[in-house]
Structures are given as C-alpha cells and as structure tokens.
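Enquirer: Dropping the sequence and predicted coords here.
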Amino acid sequence: MGGDVGIRTKILLIFFYPPIPTSPFFFLFLSNFPRSVKPLGQAYRNLFGASGQATISLAMFEIVHDILDLRTLARGVASDRDGAIATFSGIVRGTNKGKKVLFLEYEAYPEMAVKMMERIGEEVKANWGLESLHIQHRVGRLNVGETSVVIVVSSPHRDDSFAACQYAINRLKRIVPIWKKEVFDDGEVWVEGPVETAEIR
C-alpha cells in the first residue's frame, strides 16, 4: 500500500509524554544523523524545512490543516464490490473532567505519522483483507464541535468494516505521533500522545 514514503534507514522512536516543558518531544536515532541525539525541533526542520510543511504525503493517509470532509473520503472508498462503509469522526468536546474546554491544539510529526497510519493500513489488510481505508487527522487549533480525525473503511460485509474502523482508531491513538493540548479558562494541559514505541525499517 502507498509505496515508499520514508527514510530507508532504521528509525527508533522513543516518545516522551507529557511534553516537556511546553511542546511534544521525541528523539530520533538515525544512522545517517550525527551520534548526538537531536530533539524534535531540529530533526523536524532537517526533514521538512523551516516551513514545517510535510514534503511527502499518501493519498489514503494524511495529516492536514484544513477542515475534514467525511463525505468526500467516503466517496473515495466506495466500490461495486463493497456493501458497507463504516466511518468514524472524532469531535472536539466542550468539557473534560468537569472543566470547560475553550479549544484544542494538535501537533504532529507529519512524515512519521503517515508512516504509522500506513502501518495501520497494513494491519487492517492482514486481519480483514481490506485495502479501502482512509485516515485523515487535522492539526493546529480546533474549536469545540470541529472534527479532529476521520476514518473510513469499506468492505463487502458490515461486520468487517465496523471492526476495522474501531481497530484503526484504537491503533492510531497508540502509535501515531500526534499530541493534543486542551486549553481551559484557567490553564492548559497536554492530554494525549502515543503510548507505544515504534521501530521502522
């Protein structure tokens, strides 16, 4: 699926959560990098340039800044061979643990996030034999009620698409390098990030 989108050297990611002190950090150990460990900021600029825009993207797996369009994604997976399309939309809640949420801010390491989404697609194919899977996650500031992530999967029968869709969002939460900050009237807190280390060859 997707093709070659990343660095061909081995990459070991060690995720640190919560972010220290104010933004997410993880360290990259690259065989073609200097021996000293480089934090996210410098490595990010090396890979993407000062603009911070990802230079590599997959049609089926994307990190985006734009408003997400579930209907367009659903049309993209529809085919004559499938009889079911399951979708998931993650929406920004207005409260968390009794506190009013003003807005959220998402940050991601785009190239590695796409690689991890591609891995999820490979796992879905291995478990259910399905290839029609689209995942998009939005980054930046999101207001209450806006959509942060959409997942669409089609299958010949509904049970497989339901199961694969739930599997995909659960795996995304565990392995994709995306961080969420909740902003309240009286402060802010990083509340999510990947909980598993990942090794890519």
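Expert: On my side now, so go ahead. Numbering: from 1, shown residues only.

Enquirer: ranges for the strands of this structure?
Expert: 11-16, 25-30, 61-64, 84-91, 95-96, 99-108, 133-138, 140-143, 147-155, 178-184, 187-192, 198-200 (DSSP state E).

Enquirer: Regarding stretch 88-97, how distant is the last residue from the first?
Expert: Stretch 88-97 stretches 23 Å from its first residue to its last (CA to CA, to the nearest Å).

Enquirer: Out of the strands of the chain, the one nearest residue 166 is which?
Expert: Nearest of those to residue 166, taken as CB to CB: strand 84-91 at 7.5 Å. All C-beta spots, glycine's among them, are computed from the backbone N, C-alpha and C.

Enquirer: State the mean pLDDT of that closest one.
Expert: Across strand 84-91, the average pLDDT comes to 96.

Enquirer: got it, and stretch 194-201?
Expert: pLDDT averaged over stretch 194-201 gives 60.

Enquirer: repeat for stretch 149-166
Expert: Mean predicted confidence for stretch 149-166 is 96.

Enquirer: Please identify the buried residues of that stretch?
Expert: Residues of stretch 149-166 classed as buried: 149, 150, 151, 152, 153, 154, 155, 160, 161, 163, 164, 165 (neighbour count, 16 or more other CB atoms under 10 Å).

Enquirer: Please save the CA atoms from that stretch in PDB.
Expert: Extracted as PDB, the C-alpha positions of stretch 149-166 are listed here (Å, rounded to 0.1, in the frame of the first residue of the first chain):
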ATOM      1  CA  VAL A 149      -9.900  12.800  12.900                       C
ATOM      2  CA  VAL A 150     -11.900  10.800  10.300                       C
ATOM      3  CA  ILE A 151     -11.500   7.200   9.400                       C
ATOM      4  CA  VAL A 152     -13.400   5.500   6.600                       C
ATOM      5  CA  VAL A 153     -13.200   1.800   5.600                       C
ATOM      6  CA  SER A 154     -15.300  -0.200   3.200                       C
ATOM      7  CA  SER A 155     -15.900  -4.000   3.000                       C
ATOM      8  CA  PRO A 156     -18.200  -6.500   1.300                       C
ATOM      9  CA  HIS A 157     -20.000  -7.000   4.700                       C
ATOM     10  CA  ARG A 158     -20.600  -4.700   7.600                       C
ATOM     11  CA  ASP A 159     -19.000  -6.700  10.400                       C
ATOM     12  CA  ASP A 160     -15.600  -6.300   8.900                       C
ATOM     13  CA  SER A 161     -15.800  -2.600   8.200                       C
ATOM     14  CA  PHE A 162     -17.100  -1.900  11.800                       C
ATOM     15  CA  ALA A 163     -14.300  -4.000  13.300                       C
ATOM     16  CA  ALA A 164     -11.600  -2.500  11.100                       C
ATOM     17  CA  CYS A 165     -12.800   1.100  11.700                       C
ATOM     18  CA  GLN A 166     -12.700   0.600  15.500                       C
END
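
Enquirer: which residues make contact with it from outside it?
Expert: 68, 70, 73-74, 76-79, 81-90, 124, 127-130, 132-138, 168-169, 172 (CB atoms under 8 Å, 6 or more residues apart in numbering).
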